[in-house]
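Here's my sequence, what's the structure:
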Amino acid sequence: MAVETKKMANSLAAAGGSFGDQIKSWPERIRTFYNDVRTEMRKVTAPSWKEVRATTTVVVITVFIFALYFAVIDYFIQSGVTYLFNYFKSH
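Below you'll find the model as predicted:
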């Protein structure tokens, strides 16, 4: 069992009593949560400028590919629907 899970289980067990016990355990649960957040935030790293440029390039290219794909699909659907309307209008 991970350390975070043990801490959470302990804080939940402490809060499992009466309403008074839950109120008393509130500061400890807040402190535990705050310490867990600080621990996790120490693991966070900002991406380098090279990584930001690379991922931005991938996103922009992907958006253009999807835009082209949907434009082509839209054209064919529009042409098909127009053909069907004209076909049934003339008959």
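
Please make it C-alpha for all contacts and neighbour counts, starting now.
Will do.

need the helices for this structure, in chain order.
For the chain, the helices defined by DSSP state H occupy 3-15, 19-42, 49-90.

Residue 83 and residue 73, how far apart?
Counting by CA to CA, to the nearest Å, the gap from residue 83 to residue 73 is 15 Å.

Kindly report the same for residue 29.
54 Å.

quick one: pLDDT of residue 23?
Residue 23 is assigned 80 on the pLDDT scale.

my bad, residue 91
Value for residue 91, per-residue pLDDT: 77.

any idea how far residue 54 is from residue 47?
11 Å.

Likewise for residue 89?
52 Å.

So if we follow the domain assignment, how does the chain break up?
By the assignment in automatic domain parsing, the chain contains the domains 1-44, 47-91.

Lowest average pLDDT across those?
When I compare these, domain 1-44 is least confident, with a mean of 76.

since we're on residue 29, how many residues are nearby?
19 (other CA atoms under 10 Å).

contacting residues around stretch 42-54?
Residues from elsewhere that reach stretch 42-54 (CA atoms under 8 Å, 6 or more residues apart in numbering): none.

neighbour count winner among residue 89 and residue 54?
Between residue 89 and residue 54, counting by other CA under 10 Å, residue 54 is the more crowded of the two (11 against 8).

Distance of the more buried one relative to residue 46?
From residue 54 to residue 46 the distance is 14 Å (CA to CA).
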